[in-house]
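A.B. asks: Task: produce atomic coordinates for the following.
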Amino acid sequence: MNQQTIDRIRKFTADREWEQYHTPENLAKSIVIEAAELLECFQWSGEEYDLQHVKEELADVLVYSRNLLDSLGLDEDEIINMKMDLNEKKYPVEKAKGNSVKYDKL
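C.D. replies: Below you'll find the model as predicted:
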């Protein structure tokens, strides 16, 4: 996410004085709620869906995720790369390529 977008999210929240409600717990709940709304876009068909609605719900998930990063003082690149390091160990290419089973079944 570029800095201009991050700044816009932060300004939106600050202008409304919503930081007081942005506890890690509340933000985690909000991410799950919005993710469920995103999933609802595909409830009856994975092929026929409203792309605009998908974009709106995905944006909500991303905005709440950005707010949670801020609330916890985390850097998105740092935590994504940390998780990718773990995933690369759990799912080595030679065992996981073309295979969708969980790491403990490889």
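A.B. asks: Now tell me what touches the helix ranked longest in the chain from outside.
C.D. replies: The residue-count maximum for a helix in the chain (DSSP state H) belongs to helix 51-72. Applying Cβ atoms under 8 Å, 6 or more residues apart in numbering, the set of residues contacting helix 51-72 from outside is 1, 6, 9-10, 13, 22-24, 27-28, 30-31, 34-35, 37-38, 40-41, 74-76, 79. To be clear about C-beta, it is placed using only N, CA and C from the backbone, and glycine gets the same treatment.
A.B. asks: go on, stretch 10-25?
C.D. replies: Asn67, Leu68, Asp70, Ser71, Leu72.
A.B. asks: And stretch 36-46, by the same measure?
C.D. replies: By Cβ under 8 Å, 6+ apart, stretch 36-46 touches Tyr49, Asp50, His53, Val54, Glu57, Leu58, Asp60, Val61.
A.B. asks: And the strands in this protein?
C.D. replies: For the chain, strands defined by DSSP state E do not occur.
A.B. asks: could I get the helix or strand bottoming out on mean pLDDT in it in CSV with only the CA atoms?
C.D. replies: Least confident element among the helices and strands of the chain, by mean pLDDT, DSSP states H and E: helix 93-96 (a mean of 91). Only the C-alpha atoms of helix 93-96 are listed here, as CSV (Å, rounded to 0.1, in the frame of the first residue of the first chain):
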residue,chain,number,x,y,z
VAL,A,93,8.9,-26.4,-3.3
GLU,A,94,10.0,-30.0,-3.9
LYS,A,95,7.2,-31.3,-1.6
ALA,A,96,4.4,-28.7,-2.1
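A.B. asks: residue ranges for the helices of this structure, please.
C.D. replies: 3-15, 24-40, 51-72, 76-90, 93-96.
A.B. asks: would TSV of the ones you listed with distance to Tyr103 and mean neighbour count be doable?
C.D. replies: Shown next, in TSV, are those (distance: least, Cβ to Cβ, whole Å; neighbours: other Cβ atoms under 10 Å):
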stretch	distance to Tyr103	mean neighbour count
helix 3-15	32	11
helix 24-40	22	15
helix 51-72	24	16
helix 76-90	4	11
helix 93-96	8	10
